[in-house]
Each structure stands twice: as C-alpha cells, then as structure tokens.
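Engineer: model the following, please.
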Amino acid sequence: MIESGRVADKVILLREKSEPVDESSFRIRYAEVLNPSQFEAVTHREGPLLVIAGAGSGKTRTLIYRVARLIESGVPPGAILLLTFTRRAAQEMLRRAEQLVGERSRSVAGGTFHSFANLMLRHYGQAAGIKPNFTILDRADMEDVLNLLRARMGLASRERRFPKKSTLAETISMARNKRRPLEQEIEADFPHLIEHAQEIVALERKYEAYKRERGLLDYDDLLYRFVEMLTGHEQIRRRISESFRYIMIDEYQDTNLVQAEIVRLLAFTHRNVMAVGDDAQSIYAFRGANFRNIMDFPQMFEGARIVKLEENYRSLQGILDVANDIIARAAEKYTKILRACRRGEFRPLLVRASDEHTQSRFVAQHILELREQGVELDEIAILFRSSFHSFDLELELQRRDIPFIKRGGFKFIETAHIKDVLAHLRVVANPTDAVSWLRALTLVKGVGNRTAERIVETLIAAPEPEKALVASSALSIARGEAADGLSRLATLVSTMRTVSRRPAEDVAATVNYYLPMMRELYPDDYPRRERDLEHFQNITQRYRSLESMLSDMALEPPSDSLGGVLATDPDEGYVTLSTIHSAKGLEWKVVFIIWAAEGRFPSPQSADPEELEEERRLMYVAATRAKDELYFVYPIYMFDRAAGYTMGHPSRFLEDLAPEILPTATLQEADDTPA
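Structural biologist: Residues are numbered from 1 along each chain as shown. Take a look at the predicted model:
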C-alpha cells in the first residue's frame, strides 16, 4: 500500500507538470491580478515549494490566491491546511479568500501551530496516552506550578537566592523549542544559571511528572507532544497527512525546530508543502526561531521549487537600495533584489548628531516639520534596537507635546532599578520625602519595612537627615550588616547634599553605590538593567540642576494605552516608538532609526557570527518599514560605562554603504535649534 501510494503521487506529479492548464476554466483571472512571480507560486500544484517573499512583496496576497486557486482546481477545502503565527492572521486570510471563492473557503483548516496541535491531540492523542480532556497551562499557570514545586523542593528560601519562576519557565521553554537537553540550554543561553543547573533539571523532571499525573499540558507541550504522537504512531501520522494534502505555512523563517519537524511529519505522504517567508527577516532567535529552517528547506524537501517575490509595493526605490545593500553583505542568504513598484524620488539619510540630546531634538523637530507638511503623526515611527535607547527621546517628545505610544520593552520611569536610583536623588533634593527614604532604606541589607519606617520618622524630624542617619540614635535601631549599610547610605547622601556638582556626577555616584545591590536583587537579568542605568547616566549629562532633572523625570511616562499618552488632540494620532522586533510586519510613511551606531546596533552582546548576522537582518527589517522617508541617526559623542565618553561611529551595517546610496548629513546648531 505504501509503495502504490507513492507511485500514484508520482503519476499525478508528472501529469500536472506535463499538461498545460486552461486558465479560462477559472473564474478568477489570476494572471491579471498577480505579478509573474506571484502567479508562479499560486499556480504551483504538487510537490514542495519555497516562496522567498521580500519585504512588502505581497506574500499574504500570494497565500490567499493560492487557497482560492486550489479550491477552484477542485481540491476539497478541508484538505487544505494554512498554518500561521497568530489566529488573527489566519482568520484575516480566510476572510479574504472567502471574498474570492465564497463560502467554500470556510472549510479550510486555518490557525496557529499550537491551535492545530491542540485539535489533533484531542482527536488522536488517546492512542498516545493523552486524555482528550487535558487542561492547557498558559505561561502564568506554568510559572505558578514551577513556583509551587520550587517551594516544595526547598529552593525558595530567603537564605539562598534561586532563579525566579519567570526565568525558570523561560529556560525550560527555550530548551523545548530548540530541542536540546536542559543542561545544554542553560550552558548556551543562561550561563549565569549554571550553578543552579542540577537543581533546575531536577525541578523540570518534577514539573513533567506533575503535569502527566494531572492531565496537564503547557503551551510548549502542545507542539512537543504532537511531535511525539506523530513520530511514535505511524497510523495516526498517515491519517493526518492524508487528511491535509496541501499545507501552507506563513512566516516560515520564524519557525522553531519543533515546528519544522511537525511540517515534515505532516507532509510525509505527499510532500505538498508551500512555505512562505523571508530569510532576511529572521530575527526571533531569542524566542527559539531557527534561521536554518528556511535555509535548509530544500534539503528537508528534496527537489523543492523556489520562487522569489522581489517586486515591492511599499517603499520608494531609494529606501530599497539601502535595504538591498544591507542584506547583500549577509554571510548566507537567498539572493534577491527588491524593486519598487511605486514611483518617487527620495534618498535616505545617515544623520550625525553631536550627542544623544541633539539626536532627540532633531527627531522631534523634524516630526513637527512633517506635521506642518501634512504628514499624520500616526504615519511616523521611531525605531530602535533596545527599549532603553528611546528614554531621552521620550522626554523630548513630551516636552514638545508630541503625542506618542511606545511598543516593546519596559516603560522608563516604571522600571524598578530606575525608580531605586531616583529615590536616592529625590531625598537629596527633598529630605522630607518619606516615600523615597523608605525605598532607599529597604534596599539596605538587613533593613525591613518596619525598621525602615522607624528610621524615616527620625530622619524626617531631624534638621540634617544625613547626620541623623549616622548618629547612634538612628543606628541603634539596626545592628551589624544593616548598620554598615546605613552608614554607606549616609555617606552617599551627605556627599551629594554638601558637595556642589552637576546632576550627572550625583547619578554616577548613586549608580556605583546601587550596582552591588541591584546584582543581588536581580540575579537573573542584571546585565540588561545595567545597560538601562548606563543610558540613564547619559540622559542626565545635559542637566545643570538636580531639581529640573527630577521634574522632567516625574512627567507622566507614555504607555501603550491611549489614556496614558500626552495629547491635546486625540484625532491627530500618535507617533509610534517601537523596538524593531515589535515593528516587524508594520509600515509607516516616515521612519527614524535612532542610535544607528556601532556599540549600540549591533547590540554589544552580539558576539558570535550568527548573532551578528541576525543583527544585520534586524537592520534590514527596520529599513524596510519605511514607505516614503527613512533616516538613520546616531550621536558622535557617546557615553559608555566602561570607557567613559567615546566617539560614535555609524553601525557596521551602514558604514560601508556608498554615499550615493546613503548620503551623510551632520547636524549644526542654528538659532539654538539643530538643523
């Protein structure tokens, strides 16, 4: 039966290739509504197909018309499977397919990998020992179970710091997605947890037993157990494969190893897989996505046909010239050159600012100029490599009453480590600030809330709080390690109150005092927090007065909810601030990419060649978000905690671009405004 099935597939494949198709038999005039490359992909019928869809090249349109074409060709809609990364994307594609071919498309199976795996496990899983009424744990549930088991194992005591439940969940999940033992995952991606490796492995085993005993599956289990079922039960694998004879996957470059294995197993009776994606937009390795999946597709499916979509419907050619040059230098890629379908002349600019604040002033000023020219604020975006890169810009936009929302990363003032540093500065500016005193005091080892409250009462009543802090009347409340810590705090505050210096120097002193505490408080992610503090120091350089700096920092920070955005006219929209990872798939008329500097972009943590190549792809993704105008901006004068102030240089991904592709402009002060 197996051999005869394969022979039948081959006969169909030969017949499909050898016999011309009468296009007049289709209601939709595919050749008229699609460009030649899209038409080639849509009309492909049997065998594996890889569609390399460049940015803005109409990949969604291609998928929709392929669904319609298959249905018009007589393929039962229920035999078509469309896998996406969001339920909304699948629903939107099928809605648009219904507009083309009517209600027949409603029978197409569409959804995410996880939703499809859930359905299959409930239908077939009993044969693999999975009860159909299993409960799915979301990420919060997973963390709570890990926390419960951690406590039962005695790993959550105050005497010994152990990774937080969120870190444990991330570590276990990443090992699953990368299909490697937990010990190897810790060594590769979480080296700061190596000292806890044996205990984390033991905890993970108890976690697995806990789930199996209670009929629980977490989010990663849906895929992992689905692969187990398909691999271990050929009859089930064959039945599912024969049910879905045409498989399409969107954003294939974002799949992880488990998802790629699912695709291979589902297609084992027919190999009718159409994978659509862009190797140049593979930027989610930190979530487990594997760049090799799209590069190795022709090896996984031998004889795969490759179609490239290179006509871009989004950007002007000048923007595409920059993007093409950036990605052309990639070490490994599917070579393609994006060509603009839109007409228009604009050459992107590499803008050199004297320092970070000048960078922020330029962006804010140009946004106001664009607004006067009729560009809507919601057609403008500022993109950055890391969330903390926008802190100074946020303050500048607020100062100029430019409404904005921020996507991705942490909010500036609401991060705990920034709040901690600001608390020490606030008690210098206002010694009666009881809230800030409490925050600063409870950071001292050995000082709890009750002790801190008693000390605050003494400090608030004293004419010179810093002296009261070292006086025996205050220190008698705490002994030993706590007393030593309070003495160090008193020295810090006293120095800042009595020595006249710029706010940046006080910030530097506070950060040096706080860093050892922060490393103990946040052992799982202190390197990221250190970078936040470094950038915070950079922001404070322009202030002459501690009071004015604290006033600015006290402004209502932006948030993703529109109610938290400073705006005088809600009808005029909001400028978008976004990390590049959060901007993928979106587009704006005008895009600014700030901190396009070596040492910031690529990230200094990107050391090995694979990480640097992903950073290159991240720059490509950022550039291709722009439709009409694109600006790369970086400061010449940069602060680095280790090296102090250094000269900034353009990102390595930009510095070798020809000036006719990316000309450079240097900002100069004119009437106290960067021009």
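Engineer: need the phi and psi values for Asp250.
Structural biologist: phi -90, psi 150 (degrees, to the nearest 10).
Engineer: surely it and Arg88 touch.
Structural biologist: No - if you go by C-beta atoms under 8 Å, Asp250 and Arg88 don't touch, sitting 11.9 Å apart. For every residue, glycine as well, the C-beta is placed using N, CA and C.
Engineer: which one's more surrounded, those two?
Structural biologist: The neighbour comparison of Asp250 against Arg88 (other C-beta atoms under 10 Å) goes to Asp250, with 23 against 10.
Engineer: from Glu251, how far off is the closest residue to the more buried one other than its chain neighbours?
Structural biologist: Once flanking residues are discounted, Asp250 sits nearest to Thr84: 4.5 Å by C-beta to C-beta, 6 or more residues apart in numbering. The gap separating Thr84 from Glu251 is 7 Å, by C-beta to C-beta, to the nearest Å.
Engineer: so which residues make contact with the helix or strand that contains Met142?
Structural biologist: Here Met142 sits within helix 139-152, counting by DSSP states H and E. With C-beta atoms under 8 Å, 6 or more residues apart in numbering as the test, helix 139-152 has contacts from 137, 156, 162, 165-166, 168-169, 172, 203, 206-207, 210-211, 216, 218-219.
Engineer: out of the residues you listed, which end up buried?
Structural biologist: Among the contacts of helix 139-152, those that count as buried by neighbour count (16 or more other C-beta atoms under 10 Å) are 137, 156, 162, 165-166, 168-169, 172, 203, 206-207, 211, 216, 218-219.
Engineer: out of those residues, who's nearest Glu572?
Structural biologist: Glu572 lies nearest to Ser166 out of those, by C-beta to C-beta, at 38.2 Å.
Engineer: pretty sure the closest one is in a helix, no?
Structural biologist: Yes - assessed by DSSP: H, G, I helix; E, B strand; the rest coil, Ser166 belongs to a helix.
Engineer: mind listing what it touches?
Structural biologist: Applying C-beta under 8 Å, 6+ apart, the residues near Ser166 are 143, 524.
Engineer: if we go to 10 Å?
Structural biologist: Counting by C-beta atoms under 10 Å, 6 or more residues apart in numbering, Ser166 touches 139-140, 142-143, 146-147, 524-525.
Engineer: and what of Leu121?
Structural biologist: When contacts are counted by C-beta under 10 Å, 6+ apart, Leu121 is found next to 128, 130-132, 134, 136, 217, 221-223, 225-226, 228-229.
Engineer: at 7 Å instead, please
Structural biologist: By C-beta atoms under 7 Å, 6 or more residues apart in numbering, the contact list for Leu121 reads 130, 222, 225-226, 229.
Engineer: report pLDDT for the residue sitting nearest the centre point of the chain.
Structural biologist: Geometric centre of the chain, nearest residue: His581, 3.8 Å, by C-alpha atoms, centre = their mean. What the model reports as pLDDT for His581 is 92.
Engineer: export only the CA atoms of whichever strand or helix holds it, formatted as CSV.
Structural biologist: Take DSSP H and E as the rule and His581 turns out to sit in helix 580-583. In CSV, the C-alpha atoms belonging to helix 580-583 read as follows (Å, rounded to 0.1, in the frame of the first residue of the first chain):
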residue,chain,number,x,y,z
ILE,A,580,12.4,46.8,15.8
HIS,A,581,11.3,43.4,17.0
SER,A,582,7.9,44.8,17.8
ALA,A,583,7.7,46.7,14.5
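Engineer: after it comes which helix or strand?
Structural biologist: Moving toward the C-terminus from helix 580-583, the next helix or strand (DSSP H and E) is strand 588-593.
Engineer: gap between the longest strand along the chain and the chain center?
Structural biologist: Using DSSP state E, we find that the single longest strand of the chain is strand 626-635. Put simply, strand 626-635 sits 20 Å off its chain's centre (C-alpha atoms, centre = their mean, to the nearest Å).
Engineer: what's the first helix or strand after that strand?
Structural biologist: strand 637-640.
Engineer: and that following strand, what does it pack against?
Structural biologist: Secondary-structure packing of strand 637-640 (3 or more C-beta pairs under 7 Å, 6 or more residues apart in numbering; DSSP states H and E): strand 644-647.
Engineer: name the helices or strands packed onto the helix or strand just after the strand it packs on?
Structural biologist: Moving toward the C-terminus from strand 644-647, the first helix or strand encountered (DSSP H and E) is strand 664-666. If you count contacts as 3+ C-beta pairs under 7 Å, 6+ apart, strand 664-666 packs onto strand 349-353.
Engineer: and the strand it packs on with strand 626-635, angle?
Structural biologist: 30 degrees (axes from the mean of the first three to the mean of the last three C-alpha atoms, to 10 degrees).
Engineer: in its sheet, what does strand 349-353 sit against?
Structural biologist: strand 626-635 (parallel), strand 664-666 (parallel) (DSSP bridges).
Engineer: what's in contact with the longest one?
Structural biologist: Taking C-beta under 7 Å, 6+ apart as the criterion, the residues outside strand 626-635 that touch it are 314-316, 319, 322, 346, 348-356, 358-359, 362-363, 587-597, 623, 648, 650, 654.
Engineer: tell me the angle that strand makes with strand 588-593.
Structural biologist: With the same axes, to 10 degrees as the basis, strand 626-635 and strand 588-593 are set at 20 degrees to each other.
Engineer: quick one: mean pLDDT for strand 626-635?
Structural biologist: Averaged over strand 626-635, pLDDT sits at 97.
Engineer: check stretch 543-558 too.
Structural biologist: Rounded mean pLDDT across stretch 543-558 is 62.
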